[in-house]
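S.K.: Generate a structure from the sequence data that follows.
(one chain, ligands or ions: 1)
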Amino acid sequence: MRLAVNIDHIATLRNARNEGEPNPVDAALLAEKSGAVGIVCHLREDRRHIRDSDLRALRRAVTTKLDLEMAMTDEMQRIAIETVPELITLVPEKREELTTEGGFDIRRHFRRLAEFLEPIRAAGIEASIFIEPDRDAIDLAAEAGADLVELHTGSYALKEGAEQAKEFERIRSAAAYAAGRGLRVVAGHGLNYRNIAPFKSIGEIEEVSIGHALISRAAFVGIPEAVREMLELIG
Ligand code: PXP
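M.R.: Below is the predicted model:
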């Protein structure tokens, strides 16, 4: 399994002082050099961490794969087409949430989805949709022309014991189903050094997207070591 590193919280820390340090681009380059195959950032409507200037700088600097997480809005569609990340990931977005809660409501947005993705994909950008691990959502993602789905692992991360094992099986089954529908599969949200190990056994999941746990660990040991430790667990 490969690792993509979400560097949003480097920007959160930078914004605490509103000066230049720490610089999200420096973090991205260190993560790439340490073995991450992609850099993820979420340009939120309220710009609470990553800002437009960060996105432009990341686009210039990232040489592996830049994944722009974004809401399904006209503004974000325009920014994606101007920036040309390798990948966009559609996520739900509510102003008041602390982090992305739940998957993208693909049923609600389905009518506009194919039309929304069309110019993005025409610009040479791959499209992923962050969904709950369920078959209906996977069917709709495939129908809308997504290249990938990112299976939401947030519920798995919040559960324990038998409940967590049940949620894990739901993710495993969804991954197999999505691959059967011709979608590439990645996973993310709430994954950390303690709960990631079982994912190695799901062959269809080619990559995990990890932010908070990895950046938190990096505060103590540095990004290269935090990436190395995660790669050791998933490799
Ligand atoms: N994947 C998606 C779609 C997300 O929105 C997030 C959080 O920004 C992540 C992965 C990473 O989650 P975490 O920060 O909990 O590792």
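S.K.: how about the nearest residue to E69 once chain neighbours are set aside, phi and psi?
M.R.: Counting by CB to CB, 6 or more residues apart in numbering, the nearest residue to E69 once its immediate chain neighbours are dropped is H42, at 3.8 Å. The way it works is simple: take the backbone N, C-alpha and C, and place the C-beta from them, glycine included. Phi and psi for H42, reported as degrees, to the nearest 10, are phi -120, psi 110.
S.K.: how near is H42 to the ligand?
M.R.: The gap separating H42 from the ligand is 5 Å, by CB to the nearest ligand atom, to the nearest Å.
S.K.: Nearest the geometric middle of this structure, what residue?
M.R.: S209 (4.9 Å; CA atoms, centre = their mean).
S.K.: and D46, that's in a strand?
M.R.: No. With DSSP: H, G, I helix; E, B strand; the rest coil as the criterion, D46 is located in coil rather than a strand.
S.K.: How many residues are close by it?
M.R.: 8 (other CB atoms under 10 Å).
S.K.: which strands and helices sit next to the longest helix along the chain?
M.R.: Using DSSP state H, we find that the single longest helix of the chain is helix 161-180. Here helix 161-180 touches helix 135-144, strand 148-152, helix 154-158, strand 184-188, going by 3 or more CB pairs under 8 Å, 6 or more residues apart in numbering; DSSP states H and E.
S.K.: close to the ligand, is that helix?
M.R.: No. Judged by CB under 6 Å from any ligand atom, helix 161-180 makes no contact with the ligand; its nearest approach is 13.4 Å.
S.K.: Tell me which residues of that helix come out buried.
M.R.: 164, 167-168, 170-172, 174-175, 177-179 (16 or more other CB atoms under 10 Å).
S.K.: Include pLDDT and distance to D46 when you put those into TSV, please.
M.R.: Below are those laid out as TSV (pLDDT from 0 to 100; distance: CB to CB, whole Å):
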residue	pLDDT	distance to D46
Q164	97	32
E167	97	30
F168	98	33
R170	97	32
I171	98	30
R172	98	35
A174	98	31
A175	98	32
Y177	98	35
A178	98	31
A179	98	35
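S.K.: Widest-spaced pair of these?
M.R.: Taking CB to CB as the measure, those span a maximum distance of 22.7 Å, between Q164 and A179.
S.K.: could the buried residues of helix 161-180 be laid out in TSV, adding distance to E150?
M.R.: Below are the buried residues of helix 161-180 laid out as TSV (distance: CB to CB, whole Å):
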residue	distance to E150
Q164	19
E167	16
F168	16
R170	15
I171	11
R172	15
A174	11
A175	11
Y177	15
A178	10
A179	14
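S.K.: What is the nearest of the residues you listed to L148?
M.R.: Of those, the one sitting nearest to L148 (CB to CB) turns out to be A178, at 8.6 Å.
S.K.: Quick one: residues contacting the closest one.
M.R.: Listed by CB atoms under 8 Å, 6 or more residues apart in numbering, the contact set of A178 reads 138, 141-142, 149, 151, 185, 204.
S.K.: who wins for neighbours among those?
M.R.: V149 (32 neighbours).
S.K.: partner residues bridging it?
M.R.: Counting by DSSP bridges, V149 is bridged to I129, V185.
S.K.: coming back round to it: the residue nearest to the centre of the chain: which element?
M.R.: strand 205-210 (DSSP states H and E).
S.K.: distance between that strand and the chain's centre?
M.R.: 8 Å (CA atoms, centre = their mean, to the nearest Å).
S.K.: Name every sheet partner of it and say whether each one runs parallel or antiparallel.
M.R.: strand 2-6 (parallel), strand 184-188 (parallel).
S.K.: okay if I get those strands as JSON lines plus distance to the ligand and mean pLDDT?
M.R.: As requested, these are arranged in JSON lines below (distance: least, CB to the nearest ligand atom, whole Å; pLDDT from 0 to 100):
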{"stretch": "strand 2-6", "distance to the ligand": "5", "mean pLDDT": "98"}
{"stretch": "strand 184-188", "distance to the ligand": "3", "mean pLDDT": "98"}
